[in-house]
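Visitor: Would you be able to build a 3D model of this:
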Amino acid sequence: MRNQFKTTIRNLFQLFKIILLLTGFLLLFQIFLSCNSQNQTLVDVREEIITIPTQEITASPYPAFPVIATAHWKTNDLYPYSWLSSPTTEKVDKEYKLLILENKLLKITVLPEVGGHIYSFYDKVNDRETIYTRPLIKPTTGGHRGGWFPIGIEFNFPHAHYASSGDVVDYSIRKNPDGSGSIFVGEVESRYGMKWQVELILQPGKAFLEQRVSLNNPTSLPHRYHFWNIVAFPNKGEVQVVFPTRRTTGTYHENVNPYPTWAGHDLSWDKNRIVGGDWAGLDNWDDFWCLYQHDEDAGLAHISDRRIFPGSKCWSPGPGVDYDYKLLSMGNELSRYLEIDAGSDLTQAGFRRMQALASHDWVEYWSPVKGMKGDIVKINRDAALSFTRDQNSFEIALNTTSEVKNGLLTVSVDEEVVLNEEVTILPLKPFLKEIGKVDGIVGVSLKDGNGKEILAYTDNPIDESNLHPVGATIMDNKQVSTDNEE
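Guide: Numbering: from 1, shown residues only. Below you'll find the predicted structure:
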């Protein structure tokens, strides 16, 4: 009896050890999964070194005194900057600092030694580069002082294509307590002594890049300025520029033109442009623009409050001889170059005046879009919407910048609900829904799993009587306005 009791105790003890070992193993496995999950959701921010073939430029040792205005910019305010030489024809391998923001959806890289340009804006979900990222640093002569770098996203203050847009800028990187990451770039520019800073923020699980801009005049005098993001895109032929407007104007407000259709041509498609040049959105009714590459069925959107940051401009080299020149100097072997800009003024001919010791701050967002066939009608920080319609069918396409679980999609026609459906949408993955034949004004609402509405749009007709009339214009074209002017 006693031996049987000892055997039972021994067996129970062995069983306890096995249970203890299994519990420890499961606990370690759970910790491993938790750490792995955390690594997947947090943002990685780091600094590396990258080698890029470069055609170098040199600066004159003498400053450009304000004697003669340059033909290109009609300005003589370069001092104390000096002119830059044309780039050499020889390519040399050069090392650059590379700042990186990365989550499971996006990878953003920045070159602080080339003006703080965003060098790459990579969509990891769809395995595509969203901007013009060249495997060669090759300046052109199109800048404020000569050398200019047509790559990625360029920050310009206090003048577009500014004198220091390719210079080394100050920078820092930071991991934030909420799991997001930040890259800071900026400088005190030498012309007026004003300061600009851009903070780029990437959040865990979000497919948008937040851009916080801070401008400051620490001097005792007012100075003129504007701020423009100059964005380079590849152009393989099937490119559409989506501005939420029915009017555009030129840099100097010479004319007001209809948009997108002018003289029978849909000028939102770059291939339909007859000549090169630029045009800016006028009377925009929403806070976004989008460059869509139909050959890749994907694009990039910019979002900002148009009351604070109204500028939306497209520049295209156009066809013919100019096409060949721009292809040589600004494009690469794979595509042409196309430029879409976002700025603090309607066009790059307009400036503000920042008072002494004043500052100006705002927030912008950048987000890739995918599978948005048809007409893109609405984009915000959280979602994008497009319509495809004909006489017999109507289809909507949705993108979201974060995962929507158990969301609610509601579609109405003339305020009568025709669809009320629970949906799950993955970030940067197109969600398509066939509605059927539609005759009337369409409304779309998308709510997340918590019931928060993240997108709302109603396809109301545009009242063009409230827009600027088409034709030659006598619009107010004063070159400088003051921040506190009405």
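Visitor: Spell out the secondary structure type for the residue nearest to the spatial centre of the chain.
Guide: Geometric centre of the chain, nearest residue: W366, 3.4 Å, by C-alpha atoms, centre = their mean. Of the three states, W366 takes strand according to DSSP: H, G, I helix; E, B strand; the rest coil.
Visitor: What residues of stretch 106-115 count as buried?
Guide: L106, K107, I108, T109, V110, L111, P112, E113, V114, G115 (16 or more other C-beta atoms under 10 Å). The C-beta positions use only the backbone N, C-alpha and C, and glycine is treated the same way.
Visitor: Need the residues you listed in JSON lines (columns: distance to D463, secondary structure and pLDDT).
Guide: What follows is the buried residues of stretch 106-115, written out as JSON lines (distance: C-beta to C-beta, whole Å; DSSP: H, G, I helix; E, B strand; the rest coil; pLDDT from 0 to 100):
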{"residue": "L106", "distance to D463": "38", "secondary structure": "strand", "pLDDT": "98"}
{"residue": "K107", "distance to D463": "43", "secondary structure": "strand", "pLDDT": "98"}
{"residue": "I108", "distance to D463": "40", "secondary structure": "strand", "pLDDT": "98"}
{"residue": "T109", "distance to D463": "44", "secondary structure": "strand", "pLDDT": "98"}
{"residue": "V110", "distance to D463": "42", "secondary structure": "strand", "pLDDT": "98"}
{"residue": "L111", "distance to D463": "45", "secondary structure": "strand", "pLDDT": "98"}
{"residue": "P112", "distance to D463": "47", "secondary structure": "coil", "pLDDT": "98"}
{"residue": "E113", "distance to D463": "50", "secondary structure": "coil", "pLDDT": "97"}
{"residue": "V114", "distance to D463": "45", "secondary structure": "coil", "pLDDT": "96"}
{"residue": "G115", "distance to D463": "42", "secondary structure": "coil", "pLDDT": "96"}
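Visitor: and T141, what does it touch?
Guide: S86, G147, W148 (C-beta atoms under 8 Å, 6 or more residues apart in numbering).
Visitor: Let me know whether K405 touches G449 as I believe.
Guide: Yes. Between K405 and G449 there is a contact under C-beta atoms under 8 Å: 4.7 Å.
Visitor: secondary structure element for R191?
Guide: R191 belongs to no helix or strand when assigned by DSSP states H and E.
Visitor: Check I18 too.
Guide: Counting by DSSP H and E, I18 is part of helix 2-41.
Visitor: For the residue nearest to the centre of the chain, list each beta-bridge partner.
Guide: W366 forms beta bridges with L209, H302, as assigned by DSSP bridges.
Visitor: Which of the contacts of T141 are buried, as a ChimeraX select command?
Guide: Those of these that count as buried under 16+ other C-beta under 10 Å are selected in ChimeraX with:
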select :147,148
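Visitor: quick check, nearest of the contacts of T141 to G311?
Guide: W148 (18.9 Å; C-beta to C-beta).
Visitor: ok, now how distant is the residue lying closest to the closest one once chain neighbours are set aside from S85?
Guide: Distances taken as C-beta to C-beta, 6 or more residues apart in numbering put G142 closest to W148, at 4.7 Å, once the chain neighbours are dropped. Going from G142 to S85 by C-beta to C-beta, to the nearest Å gives 14 Å.
Visitor: Just put the contacts of T141 in JSON lines and tack on distance to R246.
Guide: As requested, the contacts of T141 are exported to JSON lines (distance: C-beta to C-beta, whole Å):
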{"residue": "S86", "distance to R246": "41"}
{"residue": "G147", "distance to R246": "38"}
{"residue": "W148", "distance to R246": "32"}
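Visitor: now, the most widely separated pair of the buried residues of stretch 106-115?
Guide: Every pair of the buried residues of stretch 106-115 checked by C-beta to C-beta; the farthest is L106 and E113, at 22.5 Å.
Visitor: where do the helices sit along the stretch 201-350 of the chain?
Guide: 320-329 (DSSP state H, counting those that start in this stretch).
Visitor: coming back round to it: ok, of the contacts of T141, which one's closest to D463?
Guide: Of the contacts of T141, the one sitting nearest to D463 (C-beta to C-beta) turns out to be W148, at 40.8 Å.
Visitor: Parallel or antiparallel, list what pairs with the helix or strand hosting G147.
Guide: If you go by DSSP H and E, G147 is part of strand 146-148. Sheet pairing for strand 146-148, assigned by DSSP bridges, gives strand 140-143 (antiparallel).
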